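Visitor: Need coordinates for the following:
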Amino acid sequence: MRLVEADDDLVVAVTLDELRLLASSIGEALEAVDEWEFSTRLGFEVSAARTLRSEINDVLAHAAGAE
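Guide: As a prediction, this is how the structure comes out:
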């Protein structure tokens, strides 16, 4: 993982394996932590985690189609 650019947005380059690890980790957190305590333990709402995991999976699917 490396920082590519830092303006108003933070742009980070990651490998496909790093992205897969992140998506899997989010999925495991969603399964392991009950919804009622998710935001307390992780600091984010369940919906934000699901959205991020979905967006990561979309990027991974797009990358797989490009291979």
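Visitor: Any stretches of the protein with poor pLDDT?
Guide: 67 (pLDDT under 70).
Visitor: which other helices and strands contact the lengthiest helix in it?
Guide: Assignment by DSSP state H gives helix 46-66 as the longest helix of the chain. On a contact count with 3 or more CB pairs under 8 Å, 6 or more residues apart in numbering; DSSP states H and E, helix 46-66 meets helix 16-32, helix 35-42. All C-beta atoms are positioned from the backbone trio N, CA, C, and that covers glycine.
Visitor: Now with 7 Å, please.
Guide: helix 16-32 (3 or more CB pairs under 7 Å, 6 or more residues apart in numbering; DSSP states H and E).
Visitor: any idea how far the helix it packs on is from the chain center?
Guide: 7 Å (CA atoms, centre = their mean, to the nearest Å).
Visitor: for the longest helix of the chain, which positions count as buried?
Guide: By neighbour count with 16 or more other CB atoms under 10 Å, helix 46-66 contains the buried residues Val46, Ala49, Arg53, Ile56.
Visitor: Now do that helix: everything it contacts.
Guide: Contact with helix 46-66 is made by Leu16, Leu19, Arg20, Leu22, Ala23, Ile26, Gly27, Ala29, Leu30, Glu35, Phe38, as judged by CB atoms under 7 Å, 6 or more residues apart in numbering.
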